[in-house]
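Q: sequence-free structure coming up:
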């Protein structure tokens, strides 16, 4: 088991699998539990998908030193974006009711009606639907758990790829 933690390729495959589990649960929550995701939830999924892609590419490529620094940087960027989005979501959920922004139009409508950067600005500002807590476990909402998971994935992925772990054959 300790060999797993000293094997860059195994850690990258592990990160990829964890991302798949997170995405699988998000889909189960949406279709099985009938919890409709808000725009910030969708953007968190995009960040997890980006991390999954980088983890998979790093595992398949199994690069040397310069490649691992590149993958570490890419995981850092995707992870930082995911943490910022999830953190914003948690912040919105913890606002007093009178400070919660009004609900806006759906993401599908905004993507059809507005330029992408305007949609990003509106979504990241948040809306009332993003402040609703429909699911919790051990007192933490789903975005809080996503924030924890993305933080752990980012730290693990950046560490595994940036540290001088020998390349596996």
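A: On my side now, so go ahead. In this text, all values refer to a predicted model and were calculated from it rather than measured experimentally. Numbering: from 1, shown residues only.
Q: just the helices in this structure please.
A: Taking DSSP state H as the criterion, the chain carries its helices at 8-27, 39-61, 65-93, 107-113, 116-125, 128-131, 142-162.
Q: With distance to residue 33 added, can I get those in a markdown table?
A: Quick note: C-beta positions are derived from backbone N, CA and C, even for glycine. Rendered in a markdown table, the data for the helices of the chain read as follows (distance: least, Cβ to Cβ, whole Å):
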| stretch | distance to residue 33 |
| --- | --- |
| helix 8-27 | 10 |
| helix 39-61 | 13 |
| helix 65-93 | 18 |
| helix 107-113 | 20 |
| helix 116-125 | 23 |
| helix 128-131 | 17 |
| helix 142-162 | 10 |
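Q: can you list those in TSV and add mean pLDDT and mean neighbour count?
A: Below are the helices of the chain laid out as TSV (pLDDT from 0 to 100; neighbours: other Cβ atoms under 10 Å):
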stretch	mean pLDDT	mean neighbour count
helix 8-27	93	18
helix 39-61	92	20
helix 65-93	89	19
helix 107-113	65	13
helix 116-125	65	13
helix 128-131	65	20
helix 142-162	92	20
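Q: Now do the closest residue to residue 150 other than its chain neighbours against residue 158, distance only.
A: Beyond its immediate neighbours in the sequence, the residue positioned closest to residue 150 (Cβ to Cβ, 6 or more residues apart in numbering) is residue 82, lying 4.1 Å away. Using Cβ to Cβ, to the nearest Å, one gets 13 Å for the distance from residue 82 to residue 158.
Q: swap in residue 137?
A: Computed as Cβ to Cβ, the residue 137 to residue 158 distance reads 27 Å.
Q: again with residue 37
A: Using Cβ to Cβ, one obtains 27 Å as the distance from residue 37 to residue 158.
Q: same check, this time on residue 39
A: Computed as Cβ to Cβ, the residue 39 to residue 158 distance reads 27 Å.
Q: can you check residue 25 too?
A: According to Cβ to Cβ, residue 25 stands 23 Å off from residue 158.
Q: How about residue 79?
A: Distance check for residue 79 against residue 158: by Cβ to Cβ, it reads 7 Å.
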